[in-house]
Every structure is written in C-alpha cells, then in structure tokens.
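Undergrad: Quick one: sequence and predicted model below, then my questions.
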Amino acid sequence: MPFATTTPLRREIAARIPDRPFTVRFWDGTELPATAGNGDGPTFTVRSPRAAGHALRAPGQLGLGRAYVSGELELDDIDAVIGVLDGWQPPSLDGADKRALALAAVRAAGLTMPPPRPAAELVPSGRRHSKERDARAVRHHYNVGNEFFALFLDESMTYSCANWFRSGAKTLEEAQEAKLDMVATKLALKPGDRMLDVGAGWGSMSIRAAKNYGAEVVGITLSEPQAEEARRRAEAAGVGDKVEFRVMDYRDLRGERFDAISSIGMAEHVGSVQIDAYAQTLADLLGPGGRLLNHAIGRLRHTDAEAGAFSERYVFPDGAPLHLSRMLLALERAGFEVHHVEDFRPDYAETLRHWAERLDANLERATQLAGPERIRVWRLYLRAARNGFEKGFISIFQARCSRS
C-alpha cells in the first residue's frame, strides 16, 4: 500500500498498551513482542495494511473480527487468544490515546480505500425479529450445507447440547441419544401422542420420538435444506409416515392442537421483545395438561449484553440468549406451570469440545464446502462458545412445563 508504515503504530501500541500478554507480528517482518512477565502468549499476525483498514472502518470487536475473517489477521492459537481476551484487563484509554492509535493505524494502512466487508458477514436489515428478518438470520447460519454440518455433528445430526455427565456417555453419539431420550422422557411421550418439534433441524428429535416412543410428529424449521435432509432421514428410519417436516415460522402455526412440544434451541433466537409472544403461541397449541420441554441457552450475568458485534454479524444474527428468570416469566405469563428446571452447562462445554475437534479433523473438506471465511468464523465460534460455558458467561437450561 502506498506510504504504509508500521513504525508509528508499533510505537503507539508499545507506549499506550505497555503490559501486553501477546505478540503482534506485522506484514513488513517487524514485531511487537509480549512484555516481560507475560510469557510468550499468542501471536497476532497482521498480514497486510488492510487489517488496519478494517480496524479503522469499525473500531473494536467488529473491525478486528472482519480482519480475522478476511484472513488479514491470523491467530496462531485460537484457544490462547480467547484466554487472553477473557482474562486480560487492557489499560483504560482516554480520547488522546485513542486518537493517537487511530492516527498511527491510518499511517499503517497507507493511502488506500477502506477494505470491503467480508462476504461471510450478514448485515441485518428490516424490523428486528420480523418473520422475514428471522428467516434470513437462520438461513445465514444453517444454509452452509448439510454435508458441512455432518463433518462435526454426531450421526443423528443433533445440533444442540448433549447429555454427558448424567448419562455416563463415552461418545458424542451416545451423549446425543441420551439427550433425545431425556427430552422424550420428560415429555412423557407415549404411542398416539401428537408432538410438535420447534426448531427441528435435521430431524433427530422428531425421528426419535416417532421411532422409539410412537408419537406422531410435526417438525418445523426455516431452512429448506434441513427439512429435505430430515425427510430423507425419517424415511430411512422407517417413520416417514409418522413425521412431517415443514418449512415455516412458528408464528404461522394456527388452529392445530398437540399433546407435547419440544422447543430445543429456539428461545434464544426470539429475543426479549418476542419471548412472551413465543410462549403464548406454544401455550395456544396445547390443550389442558399439554406438556412443554423448553431447552435454551441463557445468560447468567445481568450486566452482560445480549450478544457481541462479531456474533451478531457472523454467527447468530439477532441471537439473544435470555436470562432463565425472563424465560420462566414468559412461560408463566402464558399459562404454563413449571415443574422442573435443570442446567447442563458442563455438558454443553463438552459437546462444543467434541464439535471443534471433529471440525478440525475434517478441516480440508470443511474449507472446500464452506470457504475459508466461514471456516475461520466456525473455528473461533465453537471455541469461544465453549469458553463461555466453562467460565460461567452462559449456561443452558431445560424447563419442563405443563399447560394449566
């Protein structure tokens, strides 16, 4: 890039962030090492002036995320980077500090147009949690391709927290089977029950409920590729006549009646403004005594934001894990009686560890299917999510309820 130089940027970072548990290596071969007493720490390799351009265009988490996703910023050890970001307290920077760093970043970027956003980024548009916007958000996350997900999920293609420590499972397949059976048992499923599976994914819960418990199941998803694969799997399992998969929004379910509902991984996507309406919709679909199992990620600290800028654009657009108290309030307002609540925080951390390992073991094929940008997103997301469960930022809860 014309007139690009890293010297001022290295000087300003060294002066204004003197205690650094990481190394920064620049495209011109220079580097700013971790400071004494911090060990080696992870290394951030800034591959070109375009990385500085991303940081200038969107200062903070989003700009750094763009630089990373585009490949202009490389991380030598993702887990070590997450550990630094989770535990390191950067110095407080005043206005003069920020201006000096920004000016140095301009010098490093040189005379160039701001880099474009990575193709893997989704900029949400339209009214938040409208049907159209929710559909775009879901498809952005899930329509990477069925084969891509099959590279790291278990054989049943269950994309939610497994049951490890209550079941004594030794493999991901065993742990996911145990989770599906646990949900069916909590719902007291029996032959002839009509069950709704909200957020059915690739059909693992629906198929299990029909094949092992004799239920008649309607599964709904917003992803047509998911529904197609779920139908294929149901036929292969011999329950194609007992399971129906629909591509539809939960708000379009009207005038039907079910004995039981499994809501797995849905409540964290409807947001605080929709959670009451979501709970009421489920309640309206159940008769007196109808059963609900709500399985959802929840925030633990009331001081934390719903989601970070990186997750909003690259992982789960408009995802908003709620506090358990808010979810239970919505269920109670809708007329549900809550009988039992259970958390599975260590189980989800273990599930994510297995997913990350499986993805890494199939990295070449995964990159062919999803492209390098998406792979960077997924490798970071799976590890950051695991860290969130391990450190108590988020948990996951199952609430067993019945319709009053």
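TA: Yep, that arrived.

Undergrad: Double-check Asn362 against Phe152; I have them as touching.
TA: Yes - in this structure, Asn362 is within contact of Phe152 by C-beta atoms under 8 Å, at 6.9 Å. Where C-beta positions appear, they are placed from N, C-alpha and C, glycine not excepted.

Undergrad: more neighbours, those two?
TA: Each of Asn362 and Phe152 has its neighbours counted (other C-beta atoms under 10 Å); Phe152 has more, 20 against 16.

Undergrad: count of neighbours near the closest residue to Ser70 other than its chain neighbours?
TA: Spatially, and ignoring its direct neighbours in sequence, Ser70 is nearest to Pro118 (4.7 Å; C-beta to C-beta, 6 or more residues apart in numbering). For Pro118, the neighbour count with other C-beta under 10 Å is 22.

Undergrad: so what's Pro118 up against?
TA: Applying C-beta atoms under 8 Å, 6 or more residues apart in numbering to Pro118 gives the contacts 66, 69-70, 373.

Undergrad: Return the entry from these with the maximum number of neighbours.
TA: Comparing the contacts of Pro118 on neighbour count, Arg66 comes out first with 28 neighbours (neighbours: other C-beta under 10 Å).

Undergrad: Grab the nearest non-local neighbour of Leu187.
TA: Distances taken as C-beta to C-beta, 6+ apart place Ala260 nearest to Leu187, at 4.4 Å, with adjacent residues excluded.

Undergrad: Just the mean pLDDT for the host helix or strand of that neighbour, thanks.
TA: Using DSSP states H and E, Ala260 falls within strand 258-264. Strand 258-264 shows a mean pLDDT of 98.

Undergrad: Same question for stretch 19-35.
TA: On average, stretch 19-35 scores 92.

Undergrad: And the strands in this protein, which stretches?
TA: Using DSSP state E, the strands of the chain run over residues 23-25, 31-32, 43-46, 73-75, 194-198, 216-221, 243-247, 258-264, 286-299, 322-323, 336-343, 394-403.

Undergrad: Next, format those strands as TSV and append distance to Ile207 and mean neighbour count.
TA: Shown next, in TSV, are those (distance: least, C-beta to C-beta, whole Å; neighbours: other C-beta atoms under 10 Å):
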stretch	distance to Ile207	mean neighbour count
strand 23-25	49	19
strand 31-32	53	18
strand 43-46	44	20
strand 73-75	38	19
strand 194-198	9	24
strand 216-221	8	24
strand 243-247	6	20
strand 258-264	12	24
strand 286-299	16	21
strand 322-323	29	18
strand 336-343	24	14
strand 394-403	20	21
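
Undergrad: Tell me which of those strands sits nearest to Ala109.
TA: Closest of those to Ala109 is strand 43-46, at 10.8 Å (criterion: C-beta to C-beta).

Undergrad: quick one: strands adjacent to that closest one?
TA: When pairs are called by DSSP bridges, strand 43-46 turns out to pair with strand 23-25 (parallel), strand 73-75 (antiparallel).

Undergrad: Show me what the first one is in contact with.
TA: Which is strand 23-25. Identification of contacts with strand 23-25 by C-beta under 8 Å, 6+ apart yields 10, 13, 31-34, 40-46.

Undergrad: Try it again at 7 Å.
TA: 13, 31-34, 41, 43-46 (C-beta atoms under 7 Å, 6 or more residues apart in numbering).

Undergrad: what does stretch 229-241 give?
TA: The set of residues external to stretch 229-241 that reach it, using C-beta under 7 Å, 6+ apart, is 146, 200, 202-203, 206-207, 210-211, 219, 243, 245.

Undergrad: which residue sits closest to Pro114, ignoring its sequence neighbours?
TA: Leaving aside its chain neighbours, Pro114 sits nearest to Arg57 (4.6 Å; criterion: C-beta to C-beta, 6+ apart).

Undergrad: thinking the one you found is in contact with Gly65, fair?
TA: No - using C-beta atoms under 7 Å, Arg57 makes no contact with Gly65, being 11.7 Å away.

Undergrad: which one of the two has more residues nearby?
TA: Neighbours were counted for Arg57 and for Gly65 using other C-beta under 10 Å; Gly65 has more, 26 against 16.

Undergrad: From Gly41, how far off is Leu32?
TA: Applying C-beta to C-beta, to the nearest Å, the value for Leu32 to Gly41 is 11 Å.

Undergrad: same thing with Cys401?
TA: Cys401 is 47 Å from Gly41, where distance means C-beta to C-beta.

Undergrad: go on, Val183?
TA: Look at Val183 and Gly41: by C-beta to C-beta, they are 42 Å apart.

Undergrad: Out of these two, name the residue with the larger neighbour count.
TA: Neighbour count, other C-beta under 10 Å: between Val183 and Gly41, Val183 has more, with 23 against 20.
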